[in-house]
Every structure is written in structure tokens, then in C-alpha cells.
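>>> My questions concern the predicted model and sequence given below.
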Amino acid sequence: MSRFRVISAVATLALLAAAALPAREARAADEAWQKGATWVSLRGGMTKSLSDNAPNGNVGWGVGYHRVLSRHVIVGGTIEHELLGRFGPSSIIEVPMGAEVLLQWRWRTPVHPMMGVGFAAYYRKHHRTGADRADFQPGAWLKLGLGTPIDAASLLGLEVKLASVSSDGAFEDPVFGRDEPSSGRFSTKLVYTRAY
């Protein structure tokens, strides 16, 4: 079994486990932001590479696990599966696995903004292109978002992520063209979070 399939299987199992976990009874409407709260999240939306020869972009989904350390500081990690582009049977797929620190402001409104930084290993795969290739690349991101409670232990949010991913060098793909040694990524995802 390839590393890509193992990573995809682990992400799928984590997604199913997060969806199946029962939430404990909440004591207050803002319990999700209390110190010590644990967040398990599901996310999905659009993703795109910003390199010159990149395909138009496609969809991405993922799971996250975070811990509220204080009123404003949240730490955790995410694993995502992103289809950067597809042309016929050929595709470019990335699986970023990373850790992040988020700062969140609890305004006196139902919506709370956040900002964070993260560092990740990006598993990248060119699939069915005639020059198939898979490797890991380092990357970092800046994330901006908004979250609002939908009940005492559930949050709904929107996040925008701008990432930079490096590689050993340029790579010539017969379907998608030249892959730059370092390029950006842009994604927008809807996030459902359950707090425990």
C-alpha cells in the first residue's frame, strides 16, 4: 500500500471518529472557548496553487485537533487532503500535515476573529501524468478566520489560508508543465468544530 493511500486512510478514519464522538453536556454558551477545551474539527472548501503553471484549483477537506490554552491562545494540528488540479485522469494532490498556533479575539458579538501561523510537511503527488512523482516538502502558512457558536458545544467558522511550500528544485511535468521550486497555496474552507 502506498504512503498516499495510508495517509488518506488515516485522514478518513480521523474524520469518521470525529463525527462519531458524542459531545459532553455543555455548562455555558461559551464553553467552547474555556481554557482546557478540546476542539475536533471537520473542514472543506476550495484550494489552489499560486505558481505560474498551476492548474485552476479544486477542492480540499481535512480534520483538525486543537486545545484552548488560554482566553486567546489555541494550539493544535491539522491534516488535509487537497486536489490542486485535474486534467483527464491526471491529477496533482497534496496532503499537508502540520501544527499551528492560533490567536483568537472574543468580541462581544456572536462572531470571533482569529489569526494564526502553522508549519507543515506537504506530501505531494503527481498522479497519472506520465512522470508520476511523490515526495515531502516543507511549508508554512498564515491563517485568518472567523468563528461563531451554533450551540453550546459546536462552532461554525470560515478560514482563509495562504501557504508557502518549498521543494528541492523545479520539476517538469508532461501534463501540468513546470513545477516551481517554491510556490504559494491559497485555500478557503468552511469549518465545523465540536468542543469537548
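Perfect, thanks for sending it.

>>> Give me the buried positions along the top strand by length along the chain.
Identified as the longest strand of the chain according to DSSP state E is strand 133-151. Neighbour counts using 16 or more other Cβ atoms under 10 Å place Gln137, Gly139, Trp141, Lys143, Gly145, Gly147, Pro149 of strand 133-151 among the buried residues. The way it works is simple: take the backbone N, C-alpha and C, and place the C-beta from them, glycine included.

>>> Could I get the full set of strands for the protein?
Counting by DSSP E, the strands of the chain are 38-49, 58-68, 73-87, 90-104, 112-127, 133-151, 154-166, 171-173, 177-179, 182-195.

>>> circling back to that earlier point, name the nearest of the buried residues of strand 133-151 relative to Glu80.
Trp141 (10.7 Å; Cβ to Cβ).

>>> Can you tell me which residue is spatially central in this protein?
Nearest to the mean C-alpha position of the chain, counting by Cα atoms, centre = their mean, stands Glu80 at 4.6 Å.

>>> could the strands of the chain go into TSV alongside mean pLDDT?
Output for these, formatted as TSV (pLDDT from 0 to 100):
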stretch	mean pLDDT
strand 38-49	94
strand 58-68	95
strand 73-87	91
strand 90-104	92
strand 112-127	91
strand 133-151	90
strand 154-166	94
strand 171-173	68
strand 177-179	65
strand 182-195	92
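
>>> Make CSV from the ones you listed and add distance to Ala32 to it.
Compiled in CSV, the strands of the chain are given as follows (distance: least, Cβ to Cβ, whole Å):
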stretch, distance to Ala32
strand 38-49, 7
strand 58-68, 8
strand 73-87, 11
strand 90-104, 11
strand 112-127, 10
strand 133-151, 6
strand 154-166, 6
strand 171-173, 43
strand 177-179, 40
strand 182-195, 4
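
>>> Go through those and name the closest to Glu31.
Glu31 sits nearest to strand 182-195 of all those, at 6.5 Å, using Cβ to Cβ.

>>> send the alpha carbons of stretch 85-104 over as CSV?
Output of stretch 85-104 as CSV, limited to C-alpha atoms (Å, rounded to 0.1, in the frame of the first residue of the first chain):
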residue,chain,number,x,y,z
GLY,A,85,-5.8,20.2,-10.1
ARG,A,86,-7.1,17.6,-12.5
PHE,A,87,-6.9,17.1,-16.3
GLY,A,88,-8.5,14.0,-17.6
PRO,A,89,-7.0,11.1,-15.5
SER,A,90,-4.0,13.2,-14.3
SER,A,91,-4.0,15.0,-11.0
ILE,A,92,-1.9,16.9,-8.5
ILE,A,93,-2.7,16.0,-4.9
GLU,A,94,-1.2,17.4,-1.7
VAL,A,95,-1.6,16.3,1.9
PRO,A,96,-0.4,19.0,4.3
MET,A,97,0.2,17.7,7.9
GLY,A,98,1.0,20.4,10.3
ALA,A,99,0.9,22.1,13.7
GLU,A,100,-0.4,25.7,14.3
VAL,A,101,-0.8,28.4,16.9
LEU,A,102,-4.0,30.5,16.7
LEU,A,103,-4.8,33.8,18.4
GLN,A,104,-8.5,34.4,18.9
